[in-house]
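*Asks:* this one's sequence-less:
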């Protein structure tokens, strides 16, 4: 009878453990459903015991944490992939912007160079050098013009004075020629009269 009674007690204890185990496995703590991975690990460390260097973890909790780890890793991998794709897109955009910036800098340098230079006879000359050359040419031409005007004015004065002197010389020569002609005619007349007198005597 005692033996049957012990046997019944053992069966009852086993059934009670199975029911407790089944009931315990059906309820999952909120920490494993809502907390992050670090808090889940901390929860397991606080609510499980170590026996002979082994930690006893319920199978359903282990599977839950395993799924949580897998989900977290998958989400992290997806996020890393998305960030890598975004990094690649940003790198491509940066390279495109650098290329565009380089071309804009080249265009700006060309614009500044052409703005500061002038094409003369197919050659590009700096505006400062061009202005210096042009003002030098204008100054030289103005100086030559002034000198030419002064030389022309002096020549005109000399020409007018020379012409006046020439007119005076012409008048004087005409007077001298008239006087000489009259004197010669008078001398010829006197000579003729003398000859006539000599013949008449």
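*Replies:* Structure's in. What do you need? Just so you know, these numbers come straight off a predicted model, no measurement behind them.
*Asks:* Give me the domain ranges for this protein.
*Replies:* Split into domains by automatic domain parsing, the chain comes to 2-109, 126-200.
*Asks:* Tabulate those (TSV), appending distance to residue 115 and mean neighbour count.
*Replies:* Every residue, glycine included, has its C-beta placed from N, CA and C. Output for those, formatted as TSV (distance: least, Cβ to Cβ, whole Å; neighbours: other Cβ atoms under 10 Å):
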stretch	distance to residue 115	mean neighbour count
domain 2-109	10	11
domain 126-200	8	10
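*Asks:* Pick out the residue nearest the middle of this structure.
*Replies:* The residue lying closest to the centre of the chain (Cα atoms, centre = their mean) is residue 105, at 2.8 Å.
*Asks:* and that one, which of the three is it?
*Replies:* Under DSSP: H, G, I helix; E, B strand; the rest coil, residue 105 falls in the helix class.
*Asks:* Check residue 87 too.
*Replies:* helix.
*Asks:* how near is it to residue 75?
*Replies:* 18 Å (Cβ to Cβ, to the nearest Å).
*Asks:* Is it possible to get JSON lines of the domains of the chain that adds mean pLDDT?
*Replies:* Shown next, in JSON lines, are the domains of the chain (pLDDT from 0 to 100):
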{"stretch": "domain 2-109", "mean pLDDT": "78"}
{"stretch": "domain 126-200", "mean pLDDT": "88"}
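*Asks:* That'll do, ta.
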